[in-house]
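Asker: quick one, what's the 3D model for this:
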Amino acid sequence: MTKTILNEATALETLRQVIDPEIGCNIVDLGLIYNVAITGGSVRVTMTLTTPGCPMGESIAAGVQHALLSLEGVTDAEVEVVWDPPWHPAMMTDLGRAATGVRIS
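Answerer: So this is what the prediction gives:
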């Protein structure tokens, strides 16, 4: 059995399981994750949402926390939702743009 290494890449891969239900794309490829900080078994994520009035905001943040707590070695997960810088479609990955049909001009 291989032990999972707790690092930013592992956290981001896990967060790809969290889907914005209104858009149908994961939050990593949408560009909503601004920072992942890991100290021992504690993970702190700074993220945003596509709009400040997002009705699924609390649900998405709870999904982030739940996904992180499912990782081996994580004992605490904190999610901070920020509005600066504001989200823009240019923050999406190529996969996110392909999945949603967004084109950046």
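
Asker: give me the number of residues near Leu30?
Answerer: Leu30 has 27 neighbours, counted by other CB atoms under 10 Å. C-beta: built from backbone N, CA, C; applies to glycine.

Asker: remind me which residues of the chain are low pLDDT?
Answerer: 1-2, 105 (pLDDT under 70).

Asker: could you rerun that using 80?
Answerer: The chain contains residues with pLDDT under 80 at 1-4, 104-105.

Asker: now the lengthiest helix in the chain: buried residues?
Answerer: The helix spanning the most residues in the chain, taking DSSP state H as the definition, is helix 57-69. Neighbour counts over helix 57-69 (16 or more other CB atoms under 10 Å) mark 57, 60-61, 63-65, 67-68 as buried.

Asker: residues touching Gly31, list them.
Answerer: 87, 90-93, 96 (CB atoms under 8 Å, 6 or more residues apart in numbering).

Asker: phi and psi next, for Glu80.
Answerer: Main-chain dihedrals, Glu80, degrees, to the nearest 10: phi -110, psi 120.

Asker: i'd like the first residue to be 6 from this point on
Answerer: Shifting the count to begin at 6 puts that one at Glu85.

Asker: would you mind measuring from it to Ile38?
Answerer: Applying CB to CB, to the nearest Å, the value for Glu85 to Ile38 is 11 Å.

Asker: of these two, who's got more company?
Answerer: Taking other CB under 10 Å, Glu85 and Ile38 do not tie; Ile38 has more neighbours (22 against 12).
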